[in-house]
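S.K.: sequence and computational prediction follow.
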Amino acid sequence: MEQKILQTFLYNRKLKFNQIEKLLKERSNKLAYHINNLKNKGMLTKTKETYQLSSSAEPTIPHITKKQSPLPVILIALKNKNNLFLHKRTKRPFKDLLGLPGGRIIEGETIAQATRRIMKEKFNINCNFKNINSISLEQVKKKENINHSFLLILVTATTKDNLKYSNIKNNKNKIIKSDYTILTNDLNKEIKVKNINWKLN
C-alpha cells in the first residue's frame, strides 16, 4: 500500500488526502494509517491540506515503480600479469562460484568512487580506479524465465596491497560464466562513460 501511495506522486507534486483516496480507491482509515507511516518514516510531508514527497524521498522517484529493472553492478578487475583477484561467492544466484569482486553503485557516487569503496568495504583492499572496460547486460534464465538481470560494468583498478591472484584459464569451470566471458573478451578494452551532473529547479 505504501508503494502505491508513493506512486501517486510520480505524476503529482502535491495531493490532498481525498485526491489520493480517489486515485487508489481505498478505504480512508486504511489509507490514513499508511500515509501516517510514510510521514513517520520521513517519506511524506504535509503542508496545510496537501501531502508531498519529502526532500529525502525525492531521489527515490526513479525507483518508485511496479516494474523490475536490471541491477547495475560494478565488477572490478585487479590484475597481476595474466592472473586476477577472484573471490568465492557466498550469495545466490552464484553461490560457491569464483567471481570478480563487485557491488552496486550508491546514489551520488561516481564509478571511480564506487570502485574504491567496494574494494575497501568488502575486502579491505586499497585500490585506484584505472578505466572502464565494458558494459554488458546479463540475463540469468531458469528454463525459459529470466530470473535476474544485471547491467555489468567491468572496470580495471590497481593496488599495491598483497593479494592472492588466480589464473582464470585454470579455473574456468569454477568461475561465473558471465564473469569468464567478460574477462576473456573485454579485459583489454576501454570505453568512456560520461558523468553528467545538473540541478533541478
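M.R.: Yep, that arrived.
S.K.: helices or strands next to the helix or strand bottoming out on mean pLDDT in the chain in the packing?
M.R.: The weakest-scoring helix or strand in the chain, judged by mean pLDDT, DSSP states H and E, is helix 2-7 (a mean of 84). Using 3 or more CB pairs under 8 Å, 6 or more residues apart in numbering; DSSP states H and E, the elements in contact with helix 2-7 are helix 17-24, helix 28-40. No exception for glycine: its C-beta is placed from N, CA and C like everyone else's.
S.K.: doesn't residue 138 lie inside a strand?
M.R.: Yes - the assignment for residue 138 is a strand, going by DSSP: H, G, I helix; E, B strand; the rest coil.
S.K.: follow-up on the earlier one: turn the helices and strands packed on helix 2-7 into a markdown table, including mean neighbour count, distance to residue 116 and mean pLDDT.
M.R.: Formatted as a markdown table, the helices and strands packed on helix 2-7 follow (neighbours: other CB atoms under 10 Å; distance: least, CB to CB, whole Å; pLDDT from 0 to 100):
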| stretch | mean neighbour count | distance to residue 116 | mean pLDDT |
| --- | --- | --- | --- |
| helix 17-24 | 15 | 42 | 88 |
| helix 28-40 | 14 | 35 | 88 |
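S.K.: any chance of those helices in CSV with distance to residue 134 as columns?
M.R.: What follows is the helices and strands packed on helix 2-7, written out as CSV (distance: least, CB to CB, whole Å):
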stretch, distance to residue 134
helix 17-24, 43
helix 28-40, 40
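S.K.: for the ones you listed, which one sits closest to residue 89?
M.R.: Residue 89 lies closest to helix 28-40 among the helices and strands packed on helix 2-7, at 35.7 Å (CB to CB).
S.K.: buried set for the least confident helix or strand of the chain?
M.R.: Residues of helix 2-7 classed as buried: 5, 6 (neighbour count, 16 or more other CB atoms under 10 Å).
S.K.: what about that helix, distance to the chain center?
M.R.: 21 Å (CA atoms, centre = their mean, to the nearest Å).
S.K.: now do stretch 85-102
M.R.: For stretch 85-102 - counting by CA atoms, centre = their mean - the centre lies 17 Å from the chain centre.
S.K.: for it, measure first residue to last.
M.R.: Taking CA to CA, to the nearest Å, stretch 85-102 runs 11 Å from one end to the other.
S.K.: avg pLDDT for it?
M.R.: Taken as a whole, stretch 85-102 has a mean pLDDT of 88.
S.K.: strands of the chain, start to end?
M.R.: Along the chain, counting by DSSP state E, strands occupy 15-16, 44-47, 50-53, 71-80, 83-84, 87-88, 98-99, 102-104, 128-142, 145-158, 166-167.
S.K.: including mean neighbour count, could those go into JSON lines?
M.R.: Output for these, formatted as JSON lines (neighbours: other CB atoms under 10 Å):
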{"stretch": "strand 15-16", "mean neighbour count": "16"}
{"stretch": "strand 44-47", "mean neighbour count": "14"}
{"stretch": "strand 50-53", "mean neighbour count": "18"}
{"stretch": "strand 71-80", "mean neighbour count": "19"}
{"stretch": "strand 83-84", "mean neighbour count": "20"}
{"stretch": "strand 87-88", "mean neighbour count": "12"}
{"stretch": "strand 98-99", "mean neighbour count": "18"}
{"stretch": "strand 102-104", "mean neighbour count": "17"}
{"stretch": "strand 128-142", "mean neighbour count": "15"}
{"stretch": "strand 145-158", "mean neighbour count": "17"}
{"stretch": "strand 166-167", "mean neighbour count": "14"}
